[in-house]
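Chemist: What shape does this take:
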Amino acid sequence: MDRRAFFARPTVAHRHAARRADLAPYAGPWTAAQATHLVRRTHFGAARPDVVGAIVAGSASAAAGAILDAAASRPLPDEPGWAGSTTSNGGDNIQRLYQWQRAWYAEMAVGGLREKLALLWHDHFATAQSVYTHAAFAVDYLTFLREHAVGPFRPLLEGIGKRPAMLRFLDNDQNEAGNLNENYAREILELFSMGITGPGGGANYTQQDVVEAARALTGWTVDESRVRSRFEAGRHDAGAKTIFGQTGNWDHDDLVDLIFQQRGTAVSHFVAGKLYAWFVHPVPNAGVVDALAAVLRQTGFDTGAALQALLSSAHFYDASVVGARLKSPMELLVGLGRELGTTPSQAVLETFRTASESLGQEVLNPPSVEGWPGTDDPLEYRAWVTTGTIPERRGLADAAVFGDGAFPDYDPLPLAEQISDRFDPYRLTRDLAAHLLAVPLSEADADLLAEQTVLDGVPTSYTRDERRGFWVEILVSSEPAARDRLRQLLSALVNLPEYQLV
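Modeler: Next up is the predicted model:
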């Protein structure tokens with residue numbers, strides 16, 4: 001089969017979502033296309049049962065609400081037996097980390113929006129096990145993110161600074177009266193709550209605010225044996241501090257109060273921008289971000305309420321948004337299995353773990369306190385897809401389809417039956433393309449792909465109905481041959497440039 005001409009065809013360049021918009025509710029048709037888009041953005045890949053559930057919900061608002069409710073009510077997964085203790089053995093810590101990473105990939109496959117948000121908050125409140133060492137800290141950290149994934153933003157900001165992983169990662173366990181360490185004080189302002197400048201362009205804080213915030217944050221240490229933090233009053237600076245022009249004997253929680261009281265507007269825009277970049281587009285739309293920030297302020301910074309408005313908006317379903325983001329490695333790795341309808345084995349989860357490192361998104365070990373560059377930086381959002389990563393991304397997708405390496409043999413017939421009429425090769429190709437690709441193929445391109453894969457070898461003199469008959473005969477008389485041709489079709493689809501988009 002020669003697919004060179006098909007793969008070389010011009011692709012549609014999508015506009016970024018830069019035109020002025022707001023959070024007006026979506027009032028258009030509610031079909032499989034809109035439901036699949038919602039599931040792709042709120043899960044890791046669009047598994048067919050989730051898409052069907054979104055369709056049945058009947059509207060964008062109802063489907064978004066159901067997804068948010070499921071995220072808020074999902075039970076926490078079991079923690080490993082060693083989660084309550086630490087070890088000084090470096091090899092044991094690495095193996096424990098690997099086990100916890102694999103467990104997270106497995107939960108991503110079934111955990112829906114709760115896990116998508118946990119990854120968002122991991123990127124936002126970035127810490128790395130390579131710095132804090134103890135794998136038990138990674139369990140505590142991820143459990144905290146899961147517990148607060150949906151809901152008010154304040155508990156996240158207040159609690160993250162007391163996690164052993166964050167205390168150790170940004171050195172706040174070394175911050176004490178008379179021996180200040182400004183690392184966490186700077187990042188709680190710059191990266192975790194408000195950013196350097198506000199929506200009007202003015203500075204949100206000064207260097208003196210950083211120094212005074214560091215004084216407020218003194219006194220917290222890590223109790224390694226109990227995998228928890230501890231406040232030691234003797235190490236805390238109990239003197240008066242002036243932050244954002246307000247003077248008092250401020251401590252950690254007081255600082256968080258001041259951030260919301262004195263810089264609430266800046267915080268709302270900063271968090272709104274993060275949610276927009278993660279779920280909509282890395283290039284911000286000023287009107288939507290302004291409206292989303294207003295929802296946050298009106299609801300006590302409830303991220304669930306903000307997401308309900310965002311995921312129900314007409315803007316979220318605009319053609320400039322659909323298929324406009326590049327898949328992160330996690331969306332690619334976990335999403336492919338969900339879209340094929342498979343459950344990852346431990347061997348496949350280990351493949352995900354090793355691949356995530358080379359593809360640039362090793363969970364629990366982001367490259368810096370800024371998280372990963374491919375998530376929300378308008379200048380770096382193409383970082384996931386490079387000349388170095390594209391061959392590996394495509395190779396992993398092919399391996400899953402053909403059952404190579406750690407991937408088991410894959411039978412595509414059940415997916416074909418779920419998605420479409422398996423006896424019609426043209427409809428089947430169009431439906432599988434719609435299932436796997438965020439950017440739809442034209443009918444002509446889909447028909448060409450059918451003829452180059454499942455109908456490969458059919459004489460050119462055959463009519464369209466005769467071609468269908470050729471395919472039906474293969475299905476009825478030789479299921480192994482039909483499976484092989486379907487794998488060729490799936491391989492062609494996951495190798496398209498459009499498959500890298502979500």
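
Chemist: which helix of the chain spans the most residues?
Modeler: helix 252-279 (DSSP state H).

Chemist: for that helix, packing partners?
Modeler: helix 112-124, helix 153-160, helix 183-190, helix 207-216, strand 241-243, strand 246-248, helix 286-298, helix 303-311 (3 or more C-beta pairs under 8 Å, 6 or more residues apart in numbering; DSSP states H and E). All C-beta spots, glycine's among them, are computed from the backbone N, C-alpha and C.

Chemist: Rebuild these as TSV, extending it with mean neighbour count and distance to Ala444.
Modeler: As requested, those are exported to TSV (neighbours: other C-beta atoms under 10 Å; distance: least, C-beta to C-beta, whole Å):
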stretch	mean neighbour count	distance to Ala444
helix 112-124	23	35
helix 153-160	20	47
helix 183-190	22	50
helix 207-216	20	59
strand 241-243	20	63
strand 246-248	12	65
helix 286-298	20	34
helix 303-311	22	33
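
Chemist: okay, those in a markdown table with mean pLDDT and distance to Ala24 next?
Modeler: Converted to a markdown table, these look like this (pLDDT from 0 to 100; distance: least, C-beta to C-beta, whole Å):
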| stretch | mean pLDDT | distance to Ala24 |
| --- | --- | --- |
| helix 112-124 | 98 | 23 |
| helix 153-160 | 98 | 24 |
| helix 183-190 | 98 | 33 |
| helix 207-216 | 98 | 38 |
| strand 241-243 | 98 | 38 |
| strand 246-248 | 98 | 38 |
| helix 286-298 | 98 | 9 |
| helix 303-311 | 98 | 10 |
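
Chemist: Quick check: which of these is nearest to Gln452?
Modeler: helix 112-124 (34.9 Å; C-beta to C-beta).

Chemist: what angle sits between that closest one and helix 252-279?
Modeler: 120 degrees (axes from the mean of the first three to the mean of the last three C-alpha atoms, to 10 degrees).

Chemist: now helix 112-124, how far from the chain's geometric center?
Modeler: A distance of 6 Å separates the centroid of the chain from that of helix 112-124, by C-alpha atoms, centre = their mean, to the nearest Å.

Chemist: Helix 153-160 and that helix, what's the angle between them?
Modeler: Going by the same axes, to 10 degrees, helix 112-124 makes 50 degrees with helix 153-160.

Chemist: and helix 112-124 with helix 303-311, angle?
Modeler: 110 degrees.

Chemist: and the residue nearest to Leu296 when sequence neighbours are not counted, what pLDDT?
Modeler: In space, and not counting its chain neighbours, Leu296 is closest to Ser268: 4.3 Å by C-beta to C-beta, 6 or more residues apart in numbering. For Ser268, the pLDDT comes out at 98.

Chemist: OK, contacts around Ser268?
Modeler: By C-beta atoms under 8 Å, 6 or more residues apart in numbering, the residues touching Ser268 are Ala293, Ala294, Leu296, Arg297, Phe301.

Chemist: My read is that Asp251 contacts Ala216, right?
Modeler: Yes. The criterion here is C-beta atoms under 8 Å, and Asp251 meets it with Ala216 at 5.6 Å.

Chemist: returning to that earlier point: looking at the contacts of Ser268, which is nearest Phe192?
Modeler: Nearest to Phe192 among the contacts of Ser268, with distances taken as C-beta to C-beta, is Phe301, at 13.2 Å.

Chemist: In this structure that closest one contacts Phe153, no?
Modeler: Yes. If you go by C-beta under 8 Å, Phe301 and Phe153 touch, sitting 4.2 Å apart.

Chemist: Could you tell me which residues touch both of the two?
Modeler: Contacts common to Phe301 and Phe153, judged by C-beta under 8 Å, 6+ apart, are Val267, Val271.

Chemist: Pro75: neighbour count?
Modeler: Counted with other C-beta atoms under 10 Å, residues neighbouring Pro75 total 7.

Chemist: Check the gap between it and Gly151 for me.
Modeler: Between Pro75 and Gly151 the computed distance is 16 Å (C-beta to C-beta, to the nearest Å).

Chemist: same check, this time on Gly287
Modeler: 26 Å.

Chemist: Assumed Trp384 was part of a strand.
Modeler: No. Assessed with DSSP: H, G, I helix; E, B strand; the rest coil, Trp384 is coil; it does not lie in a strand.

Chemist: circling back: so how far is the longest helix of the chain from its chain's centroid?
Modeler: The answer for helix 252-279 is 20 Å, by C-alpha atoms, centre = their mean.

Chemist: Can you list the buried residues in it?
Modeler: For helix 252-279, the buried set under the neighbour-count rule, 16 or more other C-beta atoms under 10 Å, comprises 252, 254-260, 262-263, 265-279.

Chemist: Run a quick neighbour tally on the closest residue to Ser85 other than its chain neighbours.
Modeler: Spatial nearest neighbour of Ser85, chain neighbours left out: Ala136 (6.2 Å); criterion: C-beta to C-beta, 6+ apart. Around Ala136 there are 26 other residues, counting by other C-beta under 10 Å.
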